[in-house]
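Chemist: Using only what follows, build the 3D model:
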Amino acid sequence: MLISIIQSEWYKLRKSKIMSMIFAGPLLGLFIGLTSNFMNVDVEINDWYKTLFLMNLTYALLGVLAGLICRYEHQAGGWKQLLAMPVTRGRVFIAKYTLLMIIVLVIQLLYLGAIFIVGMVKGYTDPFPMVIVWKAILGGWIATFPLVALQLWMSIMWKSFAAPFTVNVVFTLPTILAVNSDRFGPYYPWAQPFSMMYVDGQTDSVFFVPWEQVLTVVGGSFVLFFLAGFLYFQRKSV
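Modeler: Numbering: from 1, shown residues only. Below you'll find the predicted structure:
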C-alpha cells in the first residue's frame, strides 16, 4: 500500500516543475566546479578536494523545497479527495516524506556525477578519494532528514507555495554565519548539510562531524520536526 501511495505521489509530481528542481543544484555545482580557478597554496592538496570544497560551498547551502508535493492537494479540495480513499493519514505523510528523501538522494547522486565530470574535463591526475566523496554525498543527504520533515510540515500547513520557501530562506540565511561559529554552528540544523559535506581535514570523523552531533542535532531535530508534522497532519481539518 505504501509503495502504491508513493507511486501516486510521483505521478502527480511529474506534472509539476520538480525535474527542473532536481537538476538545478547539480548543474549549479557543475558550473562552479568548471569555471572556478583555484588559488595557489604552498601545501599540496588533492585536486578532488579543491573541487569538493568549492562545489559544496554553494550546493550544500541550497534549501530543500517540499511545496510542490502538497500543491495538488491544496487545489480544488485535493485533501478531501485524497483522504476519501482507503488510505490512512499516517501512510500519506510517510509516503510524501519518503518520496522527498528519494528525490534528495537522486540530487546527491547527480551531484556526484557532476564532481566526476569536473575532474574529467580538468584532467585531474590525483587519485579519486572515494571514501571522502561518499562521506560527503551520504552525509549531506542524512543532514537533510530534519529539514525535509520541516518543509513537508510547512507545506501541509499552508496553501501558499511561497510560505515553505520563505521559512526555508529565513532559517538558511544565518547558515553562512553559523558555519563559521564554533559555538552555534554544531547545533544549528540548517548548518548541518554544509558541515557534513565539508572536507576540512577531519576525515576520521563520521561525515566530518562528531558522531554525537549527528545523533543529537540531526537525529534530534529530525524526531522533533517529523513528529510535529505527523501529528499536525493527523489533526488537520480538510
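
Chemist: Thought Leu30 was touching Ile117, still the case?
Modeler: Yes - assessed by Cβ atoms under 8 Å, Ile117 is found in contact with Leu30 at 6.1 Å. Backbone N, C-alpha and C define where each C-beta goes, glycine included.

Chemist: Who has more neighbours out of these two?
Modeler: Comparing Ile117 with Leu30 by other Cβ atoms under 10 Å, the one with more neighbours is Leu30, at 21 against 15.

Chemist: Skipping its backbone neighbours, what lies nearest that one in space?
Modeler: With sequence-adjacent residues excluded and distances taken as Cβ to Cβ, 6 or more residues apart in numbering, Leu30 is closest to Ala114, at 4.0 Å.

Chemist: Quick check, the one you found in contact with Gly29.
Modeler: Yes - using Cβ under 8 Å, Ala114 is in contact with Gly29, at 5.0 Å.

Chemist: out of those two, which sits in the more crowded spot?
Modeler: Using other Cβ under 10 Å, the more surrounded residue of Ala114 and Gly29 is Gly29, with 28 against 24.

Chemist: and that one, what pLDDT?
Modeler: Note for Gly29: predicted pLDDT of 79.

Chemist: Next, work out how far apart it and Asn46 are.
Modeler: 18 Å (Cβ to Cβ, to the nearest Å).

Chemist: same deal with Met19?
Modeler: Look at Met19 and Asn46: by Cβ to Cβ, they are 33 Å apart.

Chemist: Quick check: the gap between the residue positioned nearest the centre of the chain and Val223.
Modeler: The centroid of the chain falls nearest to Thr144 when counting by Cα atoms, centre = their mean (4.2 Å). Distance, Thr144 to Val223, by Cβ to Cβ: 15 Å.
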